[in-house]
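Participant: next one to model:
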Amino acid sequence: MPHSHYAPRQHASARADAPRQHQPARPDAPRQHTSARADAPRQHQPARPDAPRMSSTTSSIPFVSASMDLSQDPSSPYYVHPSDNPASALVSPVLNGENYNHWSIGMKRSLISKQKLALIDGSILMPPKTDPTYKAWERANNMVISWITRSVSPSIAQSIVWMDKTYEIWEELEERLSQGNLYRIAELHQCIFNFRQGELDISNYFTQLKILWDELDNFRPLPKCTCEAMPDTKKYFMEDRVIAFLRGLNDTYAGIRSQIMILEPLPSLRKVFSLVIQQERQTFGNETDMKVMAINGPWRGRGSSVNRGR
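Facilitator: Model prediction:
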């Protein structure tokens, strides 16, 4: 009996020991498993908010671009400033059929200042009427047409009145009125060859000659080339202008003209102009200033022009 009573106590003690040995292991396992579960979402949490933010930013770019009102963007050719007046003439004198080259240069400069050059050079064509930019294009296009119409003679304005695209009007005027370029080039060469100082002071003489040169350069610009012959071409080009300037001077400047012509190499055109104008001041002194004031400022002694015997 004692033996049988002792056996069950040992068995009960063994049963109690088993759970006590496994109890520390059981909380460890769930804690490890719970920790692993907690770690997974923590690792993915930064990635989840990033994904929608990238998607939102990417999708918003075309939306802003498509919905932006170009007519309200001051940097856009479609923008029309509140002070822009369709009844204004952008250049003076107006196009009369004989001054196309000067007129076109003035118009281009005015349109560049208003950021509308793209509407006449073909960079921006008429969009479809279903296009979101059509209304903005139509408004800017009509504004430029009004400026062109006000900047040409009445007869030329009548010939373009039914045209409704600026780039077509510009192309029409260019093809119709710039066909006489070869005759104008020949005329310019003749004018430059025969041009003389006469009653002009040196500054006005040089200015008038430069106007002819600049117009000729517009028709016949120097080629843009990096070949070996280009430096010599530019040298001969500038020497021709120095010679043309010197040969047109009055005989009063024969001395300095001879001194400059024997220099090798010839000075630049700016240097030659500086030397000649210094000679003018040494020879005529304040008399030159009086001549300039009489020519350029009618309110400064209009009748005080002095004959310098040139």
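Participant: all contacts plus neighbour counts: C-alpha atoms, from now on.
Facilitator: Noted.
Participant: and residue 105, how far is that from residue 149?
Facilitator: 16 Å (Cα to Cα, to the nearest Å).
Participant: mind checking which of these two has more residues around it?
Facilitator: Neighbour count, other Cα atoms under 10 Å: between residue 105 and residue 149, residue 149 has more, with 24 against 12.
Participant: return the per-residue confidence for that one.
Facilitator: Residue 149 is assigned 95 on the pLDDT scale.
Participant: which residue is the nearest non-sequential neighbour of it?
Facilitator: Excluding the flanking residues, the one nearest residue 149 by Cα to Cα, 6 or more residues apart in numbering is residue 157, at 5.3 Å.
Participant: relative to residue 145, how far out is that neighbour?
Facilitator: Counting by Cα to Cα, the gap from residue 157 to residue 145 is 10 Å.
Participant: ok, those two, which is more surrounded?
Facilitator: Higher neighbour count among residue 157 and residue 145: residue 145, with 23 against 16, using other Cα under 10 Å.
Participant: looking only at pLDDT, what's the mean for the helix or strand in which the residue nearest to residue 149 is found?
Facilitator: In this structure, residue 157 sits in helix 154-159 according to DSSP states H and E. For helix 154-159, the mean pLDDT works out to 94.
Participant: what lies in contact with that helix?
Facilitator: The contact list for helix 154-159, computed with Cα atoms under 8 Å, 6 or more residues apart in numbering, reads 96, 149-150.
Participant: next, find the distance separating the residue nearest to residue 149 from residue 147.
Facilitator: In terms of Cα to Cα, residue 157 sits 11 Å off from residue 147.
Participant: then residue 153?
Facilitator: Residue 153 is 12 Å from residue 147, by Cα to Cα.
Participant: and the two? Which one has more around it.
Facilitator: Comparing residue 153 with residue 147 by other Cα under 10 Å, the one with more neighbours is residue 147, at 20 against 14.
Participant: look up how far residue 278 lies from the more buried one.
Facilitator: Counting by Cα to Cα - residue 147 and residue 278 are separated by 45 Å.
Participant: mind listing what's buried in stretch 124-142?
Facilitator: 124-126, 133, 135-138, 140-141 (16 or more other Cα atoms under 10 Å).
Participant: what pLDDT is listed against the closest residue in space to residue 72 that isn't next to it in sequence?
Facilitator: In this structure, residue 72 finds its nearest non-sequential neighbour in residue 79, 5.8 Å apart by Cα to Cα, 6+ apart. At residue 79, the model reports a pLDDT of 92.
Participant: cool, and residue 69?
Facilitator: 72.
Participant: what's the neighbour count on it?
Facilitator: Count around residue 69 with other Cα under 10 Å applied: 15.
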